[in-house]
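Peer 1: using only what follows, build the 3D model:
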Amino acid sequence: MLDIPEIMKNRLAILAFSILIFGCKNKASEQPAETDLASHYESFGAKVHPDNFKNTEDMETTYANLKKGDTVDAKFEATVNSVCKMKGCWMVLDFPGEDDPMVKFKDYGFFVPKDIEGKKVIVSGKAYLAETSVEDQKHFAEDAGKSEEEIAAITNVETSPAFLADGVLIEK
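Peer 2: Numbers count the residues shown, from 1 in each chain. Modelled structure (predicted):
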């Protein structure tokens, strides 16, 4: 039998314990994305990671460079201005300029909560320019709870930034 002095046994025990502790700590630190995702965001639709997204100023530039019929894959963060009060089937995001994009959801496959005005969201999907008929604009205004006067004032077809989201993260 091998006779290991007591001091060596203690050092070996400390070394083994250190490897165990640091090994577990490193393993746990490799998985913060899912924990952060669940603790900071509610997820709707396809899975979206809260990284590598554009801000609203960059997206305004993207929209300014689009031509009718163009679509661009994008992921960006913005604040919700309004949301459909009937189902949560669309939302309008706050941009620095005049044109705020309306976000709809891919294949009408998911909805967002109806009480998220003022919350930050990260949307992932396709940016494009949309022509919205007077009839659709009035429908959206009604869904948003606008007054009869505001709805009656809608008289022209509108071309505006739009977004088809396949996934949305809403900050908790």
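
Peer 1: A162 and F105 touch, don't they?
Peer 2: No - assessed by Cβ atoms under 8 Å, A162 is found out of contact with F105, at 12.0 Å. Heads up, the C-betas are built off the backbone N, CA and C, glycines and all.

Peer 1: tell me the backbone dihedrals of the residue nearest to Q137 when sequence neighbours are not counted, please.
Peer 2: Closest residue to Q137 apart from its sequence neighbours, by Cβ to Cβ, 6 or more residues apart in numbering: I154 at 4.7 Å. For I154, the backbone dihedrals (degrees, to the nearest 10) come out as phi -80, psi 110.

Peer 1: same check on the one 3 residues further on?
Peer 2: Dihedral angles phi and psi of V157 (degrees, to the nearest 10) take the values phi -60, psi 140.

Peer 1: test my guess that it contacts S133.
Peer 2: Yes - here V157 reaches S133: they are 5.9 Å apart, a contact under Cβ under 8 Å.

Peer 1: and V92, what are its bridge partners?
Peer 2: Per DSSP bridges, the residues bridged to V92 are S82, M102.

Peer 1: then L164?
Peer 2: K104, K126.

Peer 1: what of K120?
Peer 2: Listed beta-bridge partners, K120: T79 (assigned using DSSP bridges).

Peer 1: how close does it get to V83?
Peer 2: According to Cβ to Cβ, to the nearest Å, K120 and V83 sit 13 Å apart.

Peer 1: these two: which is more packed in?
Peer 2: More crowded of K120 and V83, by other Cβ atoms under 10 Å: V83, with 24 against 17.

Peer 1: just confirm the more buried one contacts E117, I think it does.
Peer 2: Yes - counting by Cβ under 8 Å, E117 is a contact partner of V83 at 6.4 Å.

Peer 1: low pLDDT regions in this structure?
Peer 2: Applying pLDDT under 70 to the chain flags residues 1-38.

Peer 1: all the helices of it, residue numbers only.
Peer 2: Listed in chain order, the helices of the chain (DSSP state H) span residues 6-29, 32-40, 56-64, 134-143, 148-152.

Peer 1: count the residues that sit near E158.
Peer 2: E158: 13 neighbours (other Cβ under 10 Å).

Peer 1: and the nearest residue to it once chain neighbours are set aside, how far from N55?
Peer 2: Of all residues not flanking E158 in the chain, T132 sits nearest, at 4.9 Å (Cβ to Cβ, 6+ apart). Noted for T132: a distance of 25 Å to N55, by Cβ to Cβ.
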